[in-house]
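Asker: For reference, the sequence and a predicted model appear below.
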Amino acid sequence: MAEHYLTEDMQQRYHYTIGPYADPVLRINPGDTLTVETQDAFEGKILTEDTMPSEVLEVPFLNPQTGPFYVEGAEKGDALVVKIHSIKPRGPQPRGTTCLVPHFGGLTGTDTTVTLQDPLPEIVRKVNITEEGIEWSDQIALPYEPFIGTIGTAPQIDSINSLTPGSHGGNMDLPDVGPGCILYLPVRSEGALLYLGDGHAVQGDGELCGVAIEFATVTRMTLDLVKGWGLNWPRLENDEFIMSIGSARPMEDATRIAYADLVGWMVDSYGFDQWEAYMLLTQIGKVRLGNMVDPNYTVGASIAKRYLP
């Protein structure tokens, strides 16, 4: 089992779509471990609190993706296994960025939810990040709970912008995709072609204003395959629960996707009767809202492992 390290200089060019048409930046074998330097969602362009996002950012060139990574032997109908070991801040004194962006976020009019209200003001906040915590202010310290906001495999034919989550994964902004988790992604193109980026140092449910604590990372993970496990949607597990992940609009459809997939997982892998699983989840199922701001919303539905045989 080999170890690979991809630096920012080796990546050279980031991607703003997730699809089957980019040349792989690395080819690795199942079971190999990969350490990757990722950029923040703004590709480092918001330098200070005086930098206005509207002056330095160009939509849709946001959320730069590292990769793609070609996994030898991966073919359509398999599942890619991503085991995340660690996510560390990158730089001598890493700084994270959050901000308000006009016509973007959960509590404002947007391009698709149009209102006559004035746009939000542009406000940028820079915070120091360490693995011990995040310096929000002199009075408030935030926990360091890092995760990868955007991670996905290439669809078979489509190339999907890196801001949109879907059945391939993508910009799910799901805080459970962090150290200690195992993420399962559907393979639909030869080699799987994994992309990732958009590290978050911490994020509340929903990513309310649309911008978590965005930061550049050094992320270490092991990639593997489950042959012939034809997933329809991403799945995740950690020591405490299994989770199915759905992305759609409206939000209730994302929730239905996630819960329906979780029922199927319980039936296929744990021997539940379909209707028993449906009723059991009604009593003890949990829902995690990844984002309520992206082109699709993301919901994770889970059941604690103590209830599984």
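Answerer: Arrived safely. Numbering: from 1, shown residues only.
Asker: hmm, who's touching the longest helix along the chain?
Answerer: Longest helix of the chain, by residue count under DSSP state H: helix 251-270. Helix 251-270 is contacted by residues 232-233, 235, 242-248, 272-274, 277-278, 281, 285, 287, 289, 292, 296-303, 308-309 when judged by CB atoms under 8 Å, 6 or more residues apart in numbering. Quick note: C-beta positions are derived from backbone N, CA and C, even for glycine.
Asker: Give me the pLDDT for Ile140.
Answerer: With respect to pLDDT, Ile140 scores 97.
Asker: any idea how far Asp111 is from it?
Answerer: 32 Å (CB to CB, to the nearest Å).
Asker: Could you list every helix and strand in contact with the helix or strand encompassing Thr282?
Answerer: Assessed by DSSP states H and E, Thr282 sits inside helix 274-284. Using 3 or more CB pairs under 8 Å, 6 or more residues apart in numbering; DSSP states H and E, the elements in contact with helix 274-284 are helix 251-270, strand 297-304.
Asker: Does Asn238 touch Pro179 like I think?
Answerer: No. Shown here, Asn238 and Pro179 do not form a contact pair, counting by CB atoms under 8 Å, at 9.4 Å.
Asker: what is the orientation angle of the longest helix of the chain with strand 297-304?
Answerer: In terms of direction (axes from the mean of the first three to the mean of the last three CA atoms, to 10 degrees), helix 251-270 departs from strand 297-304 by 40 degrees.
Asker: Measure how helix 251-270 sits relative to helix 274-284, angle-wise.
Answerer: For helix 251-270 against helix 274-284, the angle by the same axes, to 10 degrees is 120 degrees.
Asker: so how far is helix 251-270 from its chain's centroid?
Answerer: Centre-to-centre, helix 251-270 and its host chain are 19 Å apart (CA atoms, centre = their mean, to the nearest Å).
Asker: Stretch 81-98 too?
Answerer: 13 Å.
Asker: Tell me the buried residues in that stretch?
Answerer: For stretch 81-98, burial by neighbour count (16 or more other CB atoms under 10 Å) applies to Val81, Val82, Ile84, Ile87, Lys88, Pro89, Arg90, Pro94, Arg95, Gly96, Thr97, Thr98.
Asker: likewise stretch 198-215?
Answerer: 198-203, 206-215.
Asker: Break down the protein into its helices, ranges please.
Answerer: Counting by DSSP H, the helices of the chain are 8-11, 53-56, 251-270, 274-284.
Asker: Make CSV out of the ones you listed and add mean pLDDT, distance to Glu75 and mean neighbour count.
Answerer: What follows is the helices of the chain, written out as CSV (pLDDT from 0 to 100; distance: least, CB to CB, whole Å; neighbours: other CB atoms under 10 Å):
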stretch, mean pLDDT, distance to Glu75, mean neighbour count
helix 8-11, 95, 25, 14
helix 53-56, 94, 41, 13
helix 251-270, 98, 21, 19
helix 274-284, 98, 29, 13
